[in-house]
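J.: 3D model of this:
(chains A and B)
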Amino acid sequence: MIREWTSFFVAVFSLIYIYELSLFASGAKDSALTLMRNPGIVAFNVLALLFTLYHAFTWFYLIGKVQPIKIGKTTSKPWQALLVNIALLLIISYAVIQILILR
Amino acid sequence: MPKVARLHGILWAIFSGGGFIAAFLLPILIYVVGIAYPLGLWPVTNGDPTSAILTHHHIGTLFLFVTVGGSLFHGIYRFQSTLTELGLARAKKALEAIGYLIIIVGVLATAIYLLQYSPGFFSLA
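T.: Have a look, this model is predicted:
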């Protein structure tokens, strides 16, 4: 059931961020930045990150369970799919930081 | 294939794509924009991350649109079906209507706001 509730945090974060984008687009950048620094919003974001990661990790595990890969005589285990996808998540996240934030 | 089943299949495919996006792209967006910026953590040392992302206007705008739009679709679609499982089955039609309305308005609004911020998005330069 926790997995189902991750969707609530995903949806609410998206809606808050769309509102922030509306402030950016209308030229009220300072209001958008003030909203981002609001302690209540920051606390919600920490929860949203934890729930989103829970969604991601359980999904990676389920992929390994539903679609095991056969290599020769061995079949991949769900925890192997979990590890490979966590590595992929880290690579993608680092690429986003390098390309869109630091460059 | 019946029309309704085909539409259902398409919606499930978008939902699944949204799940992929929410798993691989949303965590870093939440961290950078919602945690690292307000708390002054790496990699956001100066300036706000949304402006930094939109500076790379083609790839940055596309990243924000895909991440926010895909996550919104996935989150609302799933949350609405969770509510029906929690005893609101009688209101299923109304919940679906509200859910799709939020998704359509949210995705369109995201596209409009991003295009307002980066008006030259469709130019090749």
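
J.: tell me the phi and psi of residue B:47?
T.: Phi and psi for residue B:47, reported as degrees, to the nearest 10, are phi 80, psi 160.

J.: all helices for chain B, in order.
T.: B:3-24, B:26-29, B:37-39, B:49-55, B:57-83, B:92-117 (DSSP state H).

J.: Can you check which of these gets nearest to residue A:26?
T.: helix B:92-117 (7.9 Å; CB to CB). Every C-beta, even on glycine, is put in place using the N, C-alpha and C of the backbone.

J.: now the closest one, how far from the centre of its chain.
T.: 9 Å (CA atoms, centre = their mean, to the nearest Å).

J.: And for stretch A:20-27?
T.: Distance, centroid of stretch A:20-27 to centroid of chain: 23 Å (CA atoms, centre = their mean).

J.: Using CSV, list the CA coordinates for it.
T.: Extracted in CSV, the C-alpha atoms of stretch A:20-27 (Å, rounded to 0.1, in the frame of the first residue of the first chain):
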residue,chain,number,x,y,z
GLU,A,20,6.5,27.6,-9.6
LEU,A,21,7.0,27.5,-13.4
SER,A,22,3.9,29.8,-13.7
LEU,A,23,5.6,32.3,-11.4
PHE,A,24,8.8,32.1,-13.4
ALA,A,25,6.9,32.6,-16.7
SER,A,26,5.0,35.6,-15.4
GLY,A,27,8.2,37.3,-14.3
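
J.: Now that stretch: buried residues?
T.: Neighbour counts over stretch A:20-27 (16 or more other CB atoms under 10 Å in any protein chain shown) mark A:20, A:21, A:22, A:23, A:24, A:25 as buried.

J.: okay if I get those as CSV plus pLDDT?
T.: Shown next, in CSV, are those (pLDDT from 0 to 100):
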residue, pLDDT
A:20, 95
A:21, 95
A:22, 95
A:23, 95
A:24, 92
A:25, 91
